[in-house]
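1. Sequence and predicted structure below; questions after.
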There are 2 protein chains.
Amino acid sequence: MCQIRRMSKQALPLMDPVCCAPLAQEPIGAEDAAVLAKAFKAVGDPIRLRLLSLIASRDGETCVCDLTGPFEVSGPTISHHLKVLREAGLIDCERRGTWVYYWSRPEALQRLSAILGQQVTRV
Amino acid sequence: MCQIRRMSKQALPLMDPVCCAPLAQEPIGAEDAAVLAKAFKAVGDPIRLRLLSLIASRDGETCVCDLTGPFEVSGPTISHHLKVLREAGLIDCERRGTWVYYWSRPEALQRLSAILGQQVTRV
DNA sequence: AGGCTGTTTCGAAGTTTGTCTAAGTAGCTG
DNA sequence: CAGCTACTTAGACAAACTTCGAAACAGCCT
């Protein structure tokens, strides 16, 4: 199930040690590249990208039950993709009663955005 | 070999029809997601991310001969990764005499950055 | 033309990923 | 507690990806 408490405690587990220098500013190191590539790979799947957009474009939280509808894949597959996004630090979740709710981590998206972009953004 | 003329003519073949609305603004459509996911997948590999950073952090062009050195993989593998980046519209190349030179397409990186970020950037 | 160097393409391992069905866990309700 | 619903995990399998060595191609030089 959703690792509620554990995930909420550690923010951005994968990207934390990575600096924010844009790609085009200086050649990225091998370790940073490995960590960042994992995050980019997480958004490198059409269904995950749509899931992330669905979750991020909501004001508050999104119930999983609202996420399985728009896709042509089975529930377990959606759950798998949500897990990948969660392990990449892009979203987080919490179970309240029967349902599980997801929300996005804008700071993680912003960080990835800053890596690709030219502006030297501090997040 | 490097599709010099052909690639230079058509700019951003994969991302051209995709709009620039940030992920978090509105749920992305399935077609846009497919195109964008391909681009994100291209940077979702550590070697490709380093290659892109190496190329993008240079002022001008980068010779392939300077790209094979820093990596522990064979020449053909580097060539394959460069092809993936090129097909994603992130870099382009030209052969001049014996050597092939690569350069980055900042507008493509900027577009991806804008999709992830919150600012409504027009590129 | 023939040989040499730099780069890409081809074909074939081995690994990873996306997807499914089946089974398991969490929590509600009677 | 039994049964029900919501969601996740486990195991399996096909498709895709990464990588390599070998071969092919492009352009220089003699």
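-> Good, I have the coordinates. Residues are numbered from 1 along each chain as shown, chains lettered A, B, ... in the order given.
2. quick one: whichever strand or helix holds residue A:111 near chain B?
-> In this assignment (DSSP states H and E), residue A:111 forms part of helix A:106-116. Yes. Helix A:106-116 comes into contact with chain B (CB under 8 Å from any CB of the partner chain), by way of A:106, A:109, A:110, A:112, A:113, A:114, A:115, A:116. For the C-beta atoms, the positions are set from N, CA and C on the backbone; glycine is no exception.
3. what's the average pLDDT for stretch A:96-115?
-> Stretch A:96-115 shows an average pLDDT of 92 in the prediction.
4. for stretch A:75-90, same thing?
-> Averaged across stretch A:75-90, pLDDT comes to 96.
5. that older thread, just put the residues of helix A:106-116 next to chain B in JSON lines and tack on neighbour count.
-> Conversion of the residues of helix A:106-116 next to chain B to JSON lines gives the following (neighbours: other CB atoms under 10 Å in any protein chain shown):
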{"residue": "A:106", "neighbour count": "15"}
{"residue": "A:109", "neighbour count": "25"}
{"residue": "A:110", "neighbour count": "20"}
{"residue": "A:112", "neighbour count": "28"}
{"residue": "A:113", "neighbour count": "25"}
{"residue": "A:114", "neighbour count": "21"}
{"residue": "A:115", "neighbour count": "29"}
{"residue": "A:116", "neighbour count": "26"}
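6. Alpha carbons only: can I get the helix holding residue A:111 in PDB?
-> In PDB, the C-alpha atoms belonging to helix A:106-116 read as follows (Å, rounded to 0.1, in the frame of the first residue of the first chain):
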ATOM      1  CA  PRO A 106       5.900  21.400  -7.200                       C
ATOM      2  CA  GLU A 107       9.400  21.900  -5.800                       C
ATOM      3  CA  ALA A 108      10.500  18.700  -7.500                       C
ATOM      4  CA  LEU A 109       9.100  19.700 -10.800                       C
ATOM      5  CA  GLN A 110      10.600  23.100 -10.400                       C
ATOM      6  CA  ARG A 111      14.000  21.600  -9.800                       C
ATOM      7  CA  LEU A 112      13.800  19.400 -12.900                       C
ATOM      8  CA  SER A 113      12.700  22.400 -14.900                       C
ATOM      9  CA  ALA A 114      15.600  24.500 -13.600                       C
ATOM     10  CA  ILE A 115      18.000  21.800 -14.700                       C
ATOM     11  CA  LEU A 116      16.800  21.900 -18.200                       C
END
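7. for chain B, what are the nearby residues on chain A?
-> A:23-28, A:30, A:33-34, A:36-38, A:40-50, A:52-54, A:56-57, A:104, A:106, A:109-110, A:112-118.
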